[in-house]
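Visitor: please work out how this folds:
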Amino acid sequence: WTEVESSKCQPALECHLLKDKGMETGTKNSVDVNVLDAIMKQRQLDVLEACGSLSHQDRESIASSKNIVVNRQLGILFCLVPKVASTTWTTILLALAKDVPISSIDSEMQWQQWRKYFKPLNKLPRYEQTKILKNFYKFMFVRDPISRLRSAWKSKMTGNQPYFEEYYGKFIRNMYRGNTSEEKQNNSNGVTFHEFAQYVVDIPEISVADPHWR
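Guide: Numbering: from 1, shown residues only. I've put the predicted structure just below:
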């Protein structure tokens with residue numbers, strides 16, 4: 001279980017329950033089913049509380065999100081979050097929708113056919129959106145925010161990503177290494193995580209940021 005094996009157990013309830021069972025983070029001991037059940041119930045309550053605090057305008061913006069997709073055949077509504085195992089989950093869901101083995105879905109086929117089987121909720125008529133939101137099974141996967149941010153930095157800022165280097169890497173280095181020479185900036189081994197994190201924090205309107213770190 002990830003949250004047991006990790007030393008970054010953040011939610012107070014989860015840490016409290018684990019300690020009550022005599023478990024320390026960083027171990028690989030099995031977790032009592034009752035502990036998991038209590039954690040899941042608390043998470044559900046947290047979600048209900050957060051959703052209940054949304055205004056009508058906030059709820060309208062959720063329905064208009066480009067990240068929420070629908071598959072009528074499976075009766076599911078899925079919120080896709082980049083850098084939260086999104087490639088893995090789109091592969092699994094596409095295989096389910098096509099009723100084929102997961103091994104038959106290659107990366108090229110995956111993104112070519114994804115929109116064929118999973119339609120954006122915001123492209124559907126409003127009355128249909130309401131019906132789907134009420135009746136379909138809704139789910140999403142989340143990730144520790146810092147872990148997600150680090151993953152975005154590692155894959156987009158330190159790997160062979162010409163697009164991100166051209167449009168983000170140079171800009172970030174110039175922004176946070178203003179006192180260094182242009183040659184030193186351009187010959188850098190890449191954007192550091194500290195620079196990248198500072199850049200994300202400094203974005204005036206996060207809703208317009210790249211989806212991988214939005």
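Visitor: would you map the strands across the chain?
Guide: 68-71, 76-79, 119-120, 137-140 (DSSP state E).
Visitor: can I get the ones you listed in TSV with mean neighbour count, mean pLDDT and distance to Gln129?
Guide: Bear in mind the C-beta positions are built from the backbone N, C-alpha and C, glycine included. Below are those laid out as TSV (neighbours: other C-beta atoms under 10 Å; pLDDT from 0 to 100; distance: least, C-beta to C-beta, whole Å):
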stretch	mean neighbour count	mean pLDDT	distance to Gln129
strand 68-71	21	94	9
strand 76-79	19	93	10
strand 119-120	15	92	10
strand 137-140	12	92	12
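Visitor: for Tyr167, find the nearest of these.
Guide: With distances scored as C-beta to C-beta, the stretch of these nearest to Tyr167 is strand 119-120 (24.6 Å).
Visitor: chain center to that closest one: distance?
Guide: Distance, stretch centre to chain centre, for strand 119-120: 18 Å (C-alpha atoms, centre = their mean, to the nearest Å).
Visitor: for it, packing partners?
Guide: strand 68-71 (3 or more C-beta pairs under 8 Å, 6 or more residues apart in numbering; DSSP states H and E).
Visitor: give me the sheet partners of the strand it packs on and which way each runs.
Guide: Sheet pairing for strand 68-71, assigned by DSSP bridges, gives strand 76-79 (antiparallel), strand 119-120 (antiparallel).
Visitor: which of those sits closest to Gly159?
Guide: Closest of the strands paired with strand 68-71 to Gly159 is strand 76-79, at 26.1 Å (criterion: C-beta to C-beta).
Visitor: who's in contact with the closest residue to Met140 other than its chain neighbours?
Guide: Using C-beta to C-beta, 6 or more residues apart in numbering and skipping the chain neighbours, the partner closest in space to Met140 is Cys79 (3.7 Å). By C-beta atoms under 8 Å, 6 or more residues apart in numbering, the residues touching Cys79 are Ser65, Asn67, Ile68, Val69, Lys138, Phe139, Met140.
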